[in-house]
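Visitor: Generate a structure from the sequence data that follows.
(3 chains)
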Amino acid sequence: MSASLPLERHREAVAAARTASLGMWIFLGSELLFFGGLLMAYLYARTHWPQGFGQASARTHVVLGTLNTGLLLTSSALVALAVACQGPTGRGRWVPWLLGAGAALGTAFLAIKGWEYRSEWREGLFPGPGFALKAVAGAELFFVLYFLLTGLHSVHLLVGVALLVAFGRGTRKKRAWAAPRRVEAAALYWHFVDVVWIFLYPLLYLVNRHG
Amino acid sequence: MNYLENGHSLRSWLGSTDHKRIAILYALAISAFFFVGGAAATLIRLELATPAGDLVSHDTYNRLFTAHGVIMVWLFLIPSIPSVLGNFLVPLMIGARDLAFPRLNLLSWYLYIAGGLIILAALFLGGVDTGWTFYTPYSTMFSNSWVAVTLAGVFVTGFSSILTGLNFIVTVHTLRVPGLGWFKLPLFVWALYATSIILVLATPVLAITALLVVAERLWQIGVFDPAHGGDPLLFQHLFWFYSHPAVYIMVLPAMGVVSEIVPCFARQRIFGYRFMAYAILAIASIGFLVWGHHMFVSGQSLAASMVFSLLSFLVAIPSAIKVFNWTATLYKGAIHFDAPMLYALGFVGLFTIGGLTGLILASLSLDVHLTDTYFVVSHFHYIMVGGSVMAYFAGLHFWWPKVTGRMYSDTWARIAAVLIFLGFNFTFFPQYLLGVQGMPRRYHAYPPEFQVLNLFSSAGAVVLALGYLLPLAYLGWSLRAGRAAGANPFAATGLEWTTPSPPPTHNFEHLPQAPDEVYGYDPNASLPEPAE
Amino acid sequence: MNADTRLSANFRLLAQGASTAAERSDLLFNAMLVLCGAMALGVCIAITLFAVRYRHGARVSRGRVGRQIGLEIGWTLVPLALFLGLYAWAAHDFVQIYRPPADALPVYVVAKQWMWKLQHRNGRREINELHVPLGQPVRLVMTSQDAIHSFFVPAFRLKQDVLPGRYTALWFTATQLGEFRLFCAEYCGSEHSQMLGRIVVMQPAEYSKWLGSGTEQPSLAQYGFARFRELGCSGCHAAGSSVHAPSLRGLLGRTVHLQDGRSLVADENYVRDSILLPKKDVLAGFEPVMPSFAGQVSEEDIQALIAYLRAGAEP
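Guide: Numbers count the residues shown, from 1 in each chain, chains lettered A, B, ... in the order given. Reported below is the predicted structural model:
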């Protein structure tokens, strides 16, 4: 890179921040379509098997799912707070702790999800030869999509947790690579994972659950 | 020191984050894949010269046409113009020093190579016989071939596409030189921008579809199996939701190339610049809404078919506008017939024919007759080969001096262009007739009444193959003994021509000024003498 | 074969159409050929004319061309109008292709790798061949035993994908006597290109004679009735049964109301689903107690049961 004047360097820094943010938004756009493909399959299947989907959804662990939703929403709030504490606010020392707390809640989510999967395995709700609800048309398909959607979400969540842990340590040690614009990009990713869950939760846990 | 001289070791090439070197890495890789896919095509046309399936077995033939499709679509056409010409030129055209995320760019190349190697591995293991469209339940329940491995390769190359698209979008938004507004951008940049949006939004759906097919194959999850409450049509919806926009990934960049070449060799600014830019955006957006036109006889609902057909007619309008505008650009210009122009004009003619046959296929009642026949095969080859490949060659020849610093023999290049044009039409026009007469596609052996046209087509393929081999010779020769090109051998507008050929590693010594007008050609101005 | 197999055959772009649908299809196709040909020719001629006239070195007046909004709007709107017209024409014909006449003769088709199995209403079976009478609408009710196939008769200009797990239908009225090629048009594996057959169109009187001349077998509806009793359907669905089960009289084509509030028209797919997946669309007012017969009935059995219900005998 050829030598540049201070004004050019400032312009480059501003451009870099914009660039990182825009890059993350576009990446999230592609991720949206990634989940979108599965959601398309879900919508198609649910229109064809409304009763089956209702009965299958009733077998999900709605209490654990609701708890998980709360955990994730809280973690997003903490991460948003971390981003707000950056820069000339004087609260920079909170950033690592907020990021770490967000990561901890995300890990708790994954643990609870793992517990749900274990129960579902025990109850014979894994698709395949031993599926318990074979007589209910569409139930097996519901659970195929349930495991694919939540599984894909969990993989993304794991990546998010790793990002938050890394940036938590990086900001605590004041590393140059843990620059505010990158923390913001990571936070955007975390919020995205949260938003996806907000769609998955009602579609998977709350079908036909009224009263 | 230009970018070619900046390091000679293998490591300096394989570890380079310079967009220009990465473009060359892509060019070498896609060329290799083009010839593998072309070898498959050669065997196919050899087999089809006679009605009996006597050259190879049924299963081998089915693997050959699948390999041809998979390689040509994902390993050649989709990366060709974006990852070679786009990578090299977009930063230069907007006055930037590189793409927004140079290391991501290199990662894209490695992902592409990894995916390509996985697909080649599947080929060597014995191949896959589902067709490049992988329709279920054949691919999930009945095929005895390397479906999962091939789809794993496709999945990996998909991420290469997504990251490249992401890179281009951010680059065009954030790295333009001051003063270069959107309506001063070359249409090539507009085309790649729109293509990148499609890359980012459509490819993930392919990824998830591939995942579902692999899961169904390995664990019988039942999402496409009617016995488990699944639906094979769901696969078709998911697959075509990606694959129709994918054809616009393949054709929009080609249109961008043509929009650069025609004004230069007609010495006339492009006619109707704004409509051209809007048409690009219209094609990209409406292109997301027409996927069901591949499914008119699939068993989808009547209402769905009606909507998809209407939208398919609508998406043809912006394409027609572009064809008219390229033609009108020639009016009152000063036309030169250098090789890039011959390729570009060939594109316009062949794309027009291919596009009009697309209109015939969009017509619901006619599609009932013509779908799944050689009419469709010919239609998409007119667009993909007569269109996209021809445009890729046009761009290769137009920007070769900029990339290599050398001129090639224009005489030989023109001979190749004519050979390719003639060979192409001899190969594929008979296939329209075969389709109308009822020959289905993906047929290893066929009834004897189809032989004459098949023979014509196979003969044409020989000419086409020769045409494709010629550039290897004269372009290769130019690298050794071609005369030095100078910064702007074609007196073209565009910021890429203001820097030396080949460009320095950082593209520009001093960042260029945005031009007053994007295609500042004047047919009456005399051309500057070419630099010695 | 009607198609001339000599290498030196007289060249015809379109082989003789042999169905009512073909007549309409060919008319539209020829119209589009003319229109598209004109457009393609127009573009190619314009390019050639401009390239020659304005070639570098020629003595002509050149110069920049100003904005021609009128022209641009013109060549946007005129093609748009033409395209909409063509769309409407093709869509209209398409709807006819999907509206079989009420008196269409049903033929039941099962496709499998790599052959076509067909059965006429009176039970007469065919493999890879379909005999039909001239001038009489015929409706094919088709399903696949394995992968997706496609029933394609070029002379009729008709094609319909054949899917596993459900029925798709295709109707036609043959207008020419003779034999016409039948192809499978959806890639289905190794011998996809060998899945050939022929449609044989006969005079109605000869068709009747042919139909009756097969080996003695029960009609499809009679066979369906036999299966209806063997499988125990009449145990619940017969009029005097103690089990509260819906009456099947006149079921096909009737609108039925389901438990979750939806209603639909009971067609072949509905009957098939009810037999194999009885809990899928339960009728309002009934308990979901019907057992599934998956594994106990073949595709041909289901088609026979449908034929029996269609025949209207008192279940």
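Visitor: From the contact counts, what lies against the longest helix along chain C?
Guide: If you go by DSSP state H, chain C has its longest helix at helix C:20-53. Helix C:20-53 sits against helix B:302-329, helix B:339-362, helix B:364-370, helix C:69-97, strand C:168-173, with contacts defined as 3 or more Cβ pairs under 8 Å, 6 or more residues apart in numbering or on different chains; DSSP states H and E. C-beta here means a position set from N, CA and C on the backbone, and glycine is covered the same way.
Visitor: now do 6 Å
Guide: Here helix C:20-53 touches helix B:339-362, helix B:364-370, helix C:69-97, going by 3 or more Cβ pairs under 6 Å, 6 or more residues apart in numbering or on different chains; DSSP states H and E.
Visitor: for the ones you listed, which one sits closest to B:Ala461?
Guide: For those, the distance to B:Ala461 is smallest for helix B:339-362, at 15.9 Å, taking Cβ to Cβ.
Visitor: Let's have the helices and strands packed on helix C:20-53 in TSV, adding mean neighbour count.
Guide: As requested, the helices and strands packed on helix C:20-53 are arranged in TSV below (neighbours: other Cβ atoms under 10 Å in any protein chain shown):
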stretch	mean neighbour count
helix B:339-362	25
helix B:364-370	26
helix C:69-97	16
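Visitor: residue of chain A with the smallest distance to chain C?
Guide: Scanning chain A for the residue nearest chain C gives A:Ala137, at 4.2 Å (criterion: Cβ to the nearest Cβ).
Visitor: Point out where chain A drops to low pLDDT.
Guide: In the prediction, chain A carries residues with pLDDT under 70 at positions A:1-11, A:13, A:210-211.
Visitor: Could you do chain B as well?
Guide: In chain B the weaker segments, taking pLDDT under 70 as the threshold, are B:528-532.
Visitor: who in it is up against chain A?
Guide: Applying Cβ under 6 Å from any Cβ of the partner chain, one finds that chain B approaches chain A through B:100, B:162, B:166, B:169-170, B:173-174, B:200-201, B:204-205, B:208, B:221-223, B:228-230, B:234, B:238.
Visitor: run the last query once more with 8 Å
Guide: Within chain B, the positions lying close to chain A (Cβ under 8 Å from any Cβ of the partner chain) are B:97, B:100-101, B:162, B:165-166, B:169-170, B:173-175, B:200-205, B:207-209, B:211-212, B:215, B:219-223, B:228-231, B:234, B:237-238, B:241, B:506.
Visitor: Which entries within those meet the buried criterion?
Guide: Among the residues of chain B next to chain A, the ones that count as buried by 16 or more other Cβ atoms under 10 Å in any protein chain shown are B:97, B:100-101, B:162, B:165-166, B:169-170, B:173-175, B:200-205, B:207-209, B:211-212, B:215, B:220-223, B:228-231, B:234, B:237-238, B:241.
Visitor: Can you flag which of those residues belong to helices?
Guide: Counting by DSSP H, these contribute B:162, B:165-166, B:169-170, B:173-174, B:200-205, B:207-209, B:211-212, B:215, B:234, B:237-238, B:241 to helices.
Visitor: need the helices for the stretch 201-315 of chain C, in chain order.
Guide: Along the stretch 201-315 of chain C, the stretches classed as helices by DSSP state H, counting those that start in this stretch are C:204-212, C:220-230, C:233-237, C:268-276, C:299-311.
Visitor: Which residues of chain A lie near chain B?
Guide: Within reach of chain B by Cβ under 8 Å from any Cβ, chain A has these residues: A:1-2, A:15, A:18-19, A:22-23, A:26-27, A:29-38, A:40-41, A:44-45, A:48-49, A:52, A:127-128, A:137-141, A:144-145, A:148.
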